[in-house]
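S.K.: Next comes the sequence, and after it the predicted model I'd like to discuss.
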Amino acid sequence: MTTTTEDFVSTLQNLGLGGDWEWKNGSWWKTPEAMDVRAITALLVLLEARFVAISATERPDKEVSLNYQWDVKGQLLSFTTATTAQHIPTIADLCPPADWVERETHEYFAVEFVGRENTKPLMTRAGDPIGINLHKEEVK
């Protein structure tokens, strides 16, 4: 386990994850415009990092920001990227714990996880629209 901020940033650089990570609010953050989530997932799986979560937020341009969180040797690593035309590659085949989160994100935010074989409903009922959390009108 790394002992200092510089050590951990060096570790991330050595793994090919870049050096522009920022420590804020108790975790390491990186927010580039585009990120190869499959390549990063493959590296983190090799490191035996523990998948924690994916959270989603609709953006003003109607794309969805996705925040991926991993526990790397006791350090929380978060990286944020966005969909393109509401699509992003799946990581569930590389990291099975991501399966349920991808299914839930698909149902609530209409994100298409490219490469998934199955997006059967997890949280919604038959007849519920895909993307039920999108484009909420203001309550008057």
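M.R.: Looks like it arrived, so ask away. Numbers count the residues shown, from 1 in each chain.
S.K.: Report the next helix or strand after the longest helix along the chain in sequence order.
M.R.: Counting residues, the longest helix in the chain under DSSP state H turns out to be helix 98-109. For helix 98-109, the following helix or strand on the C-terminal side (DSSP states H and E) is strand 112-114.
S.K.: Do me a favour and get the end-to-end distance for stretch 117-125?
M.R.: End-to-end span of stretch 117-125 (Cα to Cα, to the nearest Å): 20 Å.
S.K.: which outside residues touch it?
M.R.: For stretch 117-125, the external contacting residues (Cβ atoms under 8 Å, 6 or more residues apart in numbering) are 100, 102-104, 106-108, 113, 128, 130, 132. Every C-beta, even on glycine, is put in place using the N, C-alpha and C of the backbone.
S.K.: Pull up the gap between Met123 and Arg103, please.
M.R.: 8 Å (Cβ to Cβ, to the nearest Å).
S.K.: When these two are compared, which one has more neighbours?
M.R.: Between Met123 and Arg103, counted using other Cβ atoms under 10 Å, Arg103 has the larger neighbour count: 20 against 13.
S.K.: tell me the contacts of that one?
M.R.: Counted by Cβ under 8 Å, 6+ apart, Arg103 has contacts 119-123.
S.K.: run the last query once more with 7 Å
M.R.: 119, 122 (Cβ atoms under 7 Å, 6 or more residues apart in numbering).
S.K.: Now do the helices in the chain.
M.R.: 5-14, 37-46, 98-109.
S.K.: so of those, which one's packed in deepest?
M.R.: helix 98-109 (a mean of 20; mean count of other Cβ atoms under 10 Å).
S.K.: wait, Asp71 sits on Ala49?
M.R.: Yes - between Asp71 and Ala49 there is a contact under Cβ atoms under 7 Å: 6.3 Å.
S.K.: what about these two, which has more around it?
M.R.: A direct count of neighbours by other Cβ under 10 Å for Asp71 and Ala49 places Ala49 higher, at 18 against 14.
S.K.: So for stretch 80-98, what gets flagged as buried?
M.R.: For stretch 80-98, a neighbour-count test (16 or more other Cβ atoms under 10 Å) marks 80-83, 86, 88, 90-92, 94-95, 98 as buried.
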